[in-house]
Structure formats: structure tokens, C-alpha cells
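1. my questions are about this predicted structure, shown below with the sequence.
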Amino acid sequence: MTVSRRIVLHFPRRLVDRPIVYRLIKDYDLEFNILKASVTPEEEGLMVLELKGDQQNYDQGINYLGEAGVQIQSLSQTVTRNEERCTHCGACITICPTSAFELDPVTRQVRFVDEKCVVCELCIKACPPRAMELHF
Ligand code: SF4
Ligand code: SF4
């Protein structure tokens, strides 16, 4: 059976320049599409991938990533903002690797563009009033 999944990979700093995705694709015969790639302020690598292939190869590839020390997150999780809690302080703007927060220059309000969110969870810890929430 062929599966196609969107996942987020978190590479610790020590793995950022290792050819892990290259080996994943080559050794497990998977097709991939990189939707986003960035380096967070802590120099962690972040990559959003669409992976497609035979179920068994996919499962083995995911195992390989886990054993290599890559943290894998499914995009079935979502992050939302509790509008009542947000104080529009702007702390999330610089921390978000995909620029999912935008400051309105006129109203000084921070807009959350959830289509840009890759569920890296960085804003959850960074938001002083804990307005950003993770849902499964
Ligand atoms: S850090 Fe939290 S409170 Fe501040 S603008 Fe972002 S979501 Fe709102
Ligand atoms: S979880 Fe927060 S910091 Fe990460 S991409 Fe989504 S909005 Fe940006």
C-alpha cells in the first residue's frame, strides 16, 4: 500500500549538516517534496516534508530518522491562538521560523496566519500569556 504523509522534522544542531534526508530517500525508496526548511534561532533545523512511498518503506524510513536522532512530528497536530489571552506583545514574531505572525503597522495588532504554521511549537513556550495552544 502506498502512503503519503506530511511531517515536520526537527534536526538537533549536531545533525543539521548531515545528509539524513538524502539517505532517507535513497535507502528507503521514498518520494519527497520539501514544503519548508529553516533554521530556528537555537540553530535547530526544521523541515516540513511530504513523503510518499510503500507503507513498509515509509515505516522503516521513519524508524531510521528516529534512530538518527531526528524528532518527527505529524502535521495532524495544529496550533491555534487563544484570542482572549493574546496581548499583542509581539514576542512570537521573531521566534516563528515561517513568519506566521504579522504586525499590523497601523493597529499594532499581531495577526496569526495559521496557514503558514508548521507546528514547530516554538511560540508556545515563547508566548508570555500562554496564548498559543497545541491541539491533537
Ligand atoms: S507572543 Fe503571545 S501574546 Fe504576544 S503577540 Fe504572540 S501570541 Fe500574542
Ligand atoms: S508553532 Fe508557532 S512558531 Fe511554530 S510555525 Fe507555528 S506559529 Fe510559528
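-> Nice, thanks for sending it over. Ligands and ions are numbered 1, 2, ... in the order given.

2. elements contacting the longest helix seen in the chain?
-> With DSSP state H applied, the helix covering the greatest number of residues in the chain is identified as helix 55-68. Helix 55-68 is packed against strand 2-11, helix 20-28, strand 45-54, strand 71-74, with contacts defined by 3 or more CB pairs under 8 Å, 6 or more residues apart in numbering; DSSP states H and E. No exception for glycine: its C-beta is placed from N, CA and C like everyone else's.

3. what residues does the protein have near ligand 2?
-> With the criterion set to CB under 6 Å from any ligand atom, the chain comes near ligand 2 through 79, 95-96, 98, 100, 117-123, 132.

4. below-threshold pLDDT in this protein: ranges please.
-> Screening the chain residue by residue with the criterion pLDDT under 70, one finds no matching range.

5. which of the helices and strands packed on helix 55-68 sits most buried?
-> Relative to the other members of these, strand 45-54 carries the highest mean neighbour count by mean count of other CB atoms under 10 Å, namely a mean of 19.

6. quick one: residue 88 from residue 131, how far?
-> 10 Å (CB to CB, to the nearest Å).

7. endpoints of stretch 116-127, how far apart?
-> Its start and end residues considered, stretch 116-127 measures 18 Å (CA to CA, to the nearest Å).

8. should've said stretch 49-62
-> Using CA to CA, the span of stretch 49-62 from its first residue to its last is 12 Å.

9. rewinding a little: tell me the one of the residues of the chain next to ligand 2 nearest residue 11?
-> Proximity to residue 11 was ranked across the residues of the chain next to ligand 2 by CB to CB; first place goes to residue 120, at 11.7 Å.
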